[in-house]
Each structure stands twice: as C-alpha cells, then as structure tokens.
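S.K.: Okay, sequence plus prediction incoming.
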Amino acid sequence: MTVTEQEIADYVDRVRAALADLPPAVRDELTEDLPEHLTEVAAETDGSLVDRLGEPEAYAAELRAAGGADGPGTDRHLDRRIAA
C-alpha cells in the first residue's frame with residue numbers, strides 16, 4: 001500500500017486538531033517537521049501511517065508529552081519510534 005500525499009495531509013490535520021488546545025506557537029513547533037517525517041515513514045515501510053504510527057490522536061499525545069506540553073514524566077516512546 002502506497003501512502004498518498006492526501007493521506008499524509010489528513011494525518012497531519014488530525015494531529016494538529018488533537019493539539020488544538022495548545023497555544024498556536026507550541027502546536028506549530030510540535031508539528032513543523034511532521035509532513036516530512038510522515039513522508040519518510042511512508043517511504044520506509046508498507047502499510048498505512050496508522051499501521052506504522054498509530055492513530056493520529058495517539059501520536060499527538062506522544063508529541064505533546066515528548067515536547068513537554070504535558071509536564072514532567074514525559075513518554076519517551078515517540079523518541080524511540082522516531083529514532084527507529
């Protein structure tokens with residue numbers, strides 16, 4: 001299955017919507033490289049973005065935690081996923 005540009009755009013939109021309660025500058029910082037990252041992920045493996053990264057809302061929660069938007073005790077799962 002090839003991931004299309006529209007699927008990437010839809011995933012980004014859902015991530016940004018899940019982060020809508022954050023100040024715009026924080027949301028923008030957390031998602032500034034997301035389209036490029038998703039394009040790389042799509043090129044590396046078969047399957048949908050949801051298959052590879054999980055639901056956009058869960059991904060947004062991990063971005064929020066990794067970015068410190070949830071305070072102390074952040075989840076490093078996203079860092080490991082990105083490093084992979």
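M.R.: Nice, thanks for sending it over. Numbering: from 1, shown residues only.
S.K.: Buried residues, the strand or helix carrying Glu40. List them.
M.R.: Secondary structure assignment for Glu40, by DSSP states H and E: helix 34-44. If you call a residue buried by 16 or more other C-beta atoms under 10 Å, then helix 34-44 has these buried ones: 34, 38, 41-42. C-beta: built from backbone N, CA, C; applies to glycine.
S.K.: so where is the chain shaky, pLDDT-wise?
M.R.: 1, 69-84 (pLDDT under 70).
S.K.: how close does Glu5 get to Val15?
M.R.: 16 Å (C-beta to C-beta, to the nearest Å).
S.K.: Grab the nearest non-local neighbour of Val3.
M.R.: Nearest residue to Val3, sequence neighbours excluded (C-beta to C-beta, 6 or more residues apart in numbering): Ala42, at 3.7 Å.
S.K.: wait, what's in contact with that neighbour?
M.R.: Counting by C-beta atoms under 8 Å, 6 or more residues apart in numbering, Ala42 makes contact with 2-3, 7-8, 49.
S.K.: Check the secondary structure at the residue nearest the centre of the chain for me.
M.R.: Nearest to the geometric centre of the chain sits Tyr59, at 4.7 Å (C-alpha atoms, centre = their mean). Secondary structure, DSSP: H, G, I helix; E, B strand; the rest coil: Tyr59 is helix.
S.K.: For it, which non-adjacent residue is spatially closest?
M.R.: Leu53 (5.3 Å).
S.K.: and for stretch 44-60, what are the contacting residues?
M.R.: 1, 3, 7-8, 11, 14-16, 18-19, 38, 41-42, 78, 81.
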